[in-house]
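> pasting the sequence and the predicted coordinates here, then a few questions.
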Amino acid sequence: MKTISCMNIDTELLRSFDGEIKEYKKGEIIFREGDHALYYFQIEEGKVKLNNYNDDGKEFIQNIFGKNQSFGDSMLFLEKFYPINAICLEGSKIIRVPKNNFLELLRIHPEISLGMNACLSQRLYYKILMTQNMSSTNPVLRLKGLMEYLKSYYEDDCQHCFHIELTRQQIANLTGLRVETVIRVLKRMEKESLLKIVNRKILY
DNA sequence: TCATTAATCGAAG
DNA sequence: CTTCGATTAATGA
């Protein structure tokens, strides 16, 4: 069973609505917690993480997006401040469309607007599943929850061949576990054939 | 090769 | 499960 995967919007179309491509270096901040949501962002190249820090200073990653994915859209239809930071994990090219232009684009292209609804809907659905799994005290469930979540962004659903392209530290920051715990639990899961590990790469 | 970053491990709490 | 300390592997200049 697979749902429609999220579409990305044509670059030229975004450009015709004053979309501009910006290049960011690794580690550069695209927006930070507390900023107003003023743009629609779509990744042309690179990777971006959305994170925040708890009061102990421990990083918690909300999500990591890659090529052709958009991010921060959930705040686009509200007058709110971002509750998270967006930081580049590598050199990236990102197209940025001013909010009002983007809303105009949606008015003129209803099919894109509908597609976006489908996309937001799907993300919300998996986010709920993710949240449920993350509230578990069982680390295996947290890791499985995260991997299912990541897998939901891609259509292919073969067994143990989806490459989790995250470092163990990033997985730890996404699940609220410690790196060592992630490593140990991952190995245990491999023994139970819940996943495969080849050259340190995680295949789920 | 040197330095930096990520992955591992073992022991203790 | 987390923390600490220490080692080893991988990557890049």
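Sure, I can see it. Remember, predicted model here, so these are calculated numbers, not experimental data. Numbers count the residues shown, from 1 in each chain, chains lettered A, B, ... in the order given.
> who are the contact partners of A:S70?
Contacts of A:S70 were listed using CB atoms under 8 Å, 6 or more residues apart in numbering, and they are A:N8, A:I9, A:Y40, A:F41, A:Q42, A:I43, A:C119. (C-beta placed from N, C-alpha, C; glycine too.)
> I misspoke; the intended subject was A:V179.
Each residue near A:V179 by CB under 8 Å, 6+ apart is listed here: A:R168, A:Q169, A:A172.
> can you tell me the SS state at the last one?
Secondary structure, DSSP: H, G, I helix; E, B strand; the rest coil: A:A172 is helix.
> show me which residues of chain A are close to DNA strand C?
By the criterion of CB under 7 Å from any atom of the strand, the positions of chain A lying close to DNA strand C are A:N138, A:P139, A:G176, A:L177, A:R178, A:E180, A:T181, A:R184, A:V185, A:N199, A:R200.
> quick one: which of these is nearest to A:K99?
Compare each of those with A:K99 using CB to CB and the shortest gap goes to A:G176, at 31.9 Å.
> okay, now the unreliable bits of chain A?
Low-confidence segments of chain A (pLDDT under 70): A:1-5, A:155-157.
> turn the contacts of A:V179 into JSON lines, columns for neighbour count.
Conversion of the contacts of A:V179 to JSON lines gives the following (neighbours: other CB atoms under 10 Å):
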{"residue": "A:R168", "neighbour count": "18"}
{"residue": "A:Q169", "neighbour count": "13"}
{"residue": "A:A172", "neighbour count": "21"}
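> which ones, among the residues you listed, also lie beside DNA strand B?
A:R168, A:Q169.
> before we move on, back to that, TSV for the residues of chain A next to DNA strand C, including secondary structure?
Rendered in TSV, the data for these read as follows (three-state DSSP):
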residue	secondary structure
A:N138	coil
A:P139	helix
A:G176	coil
A:L177	coil
A:R178	coil
A:E180	helix
A:T181	helix
A:R184	helix
A:V185	helix
A:N199	coil
A:R200	coil
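> which of these are buried?
Buried subset of the residues of chain A next to DNA strand C (neighbour count, 16 or more other CB atoms under 10 Å): A:P139, A:L177, A:T181, A:V185.
> quick one: which of the residues you listed is nearest A:H36?
Top of the list for closeness to A:H36, among these and by CB to CB, is A:L177 at 32.9 Å.
> packing partners of the longest helix along chain A?
Determined from DSSP state H, the single longest helix within chain A is helix A:110-134. Helices and strands in packing contact with helix A:110-134 are listed as helix A:99-108, helix A:139-151; criterion 3 or more CB pairs under 8 Å, 6 or more residues apart in numbering; DSSP states H and E.
> give me the residues contacting the following helix or strand past the longest one.
To tie it back to what came earlier, the one meant is helix A:139-151. Following helix A:139-151 in sequence order, the next helix or strand is strand A:163-164 (DSSP states H and E). Among residues not part of strand A:163-164, those counted as contacts by CB under 8 Å, 6+ apart are A:M147, A:L150, A:I171, A:K201, A:I202, A:L203, A:Y204.
> so what sits opposite the fifth one in the bridge?
Read it as A:I202. A:I164, A:I197 (DSSP bridges).
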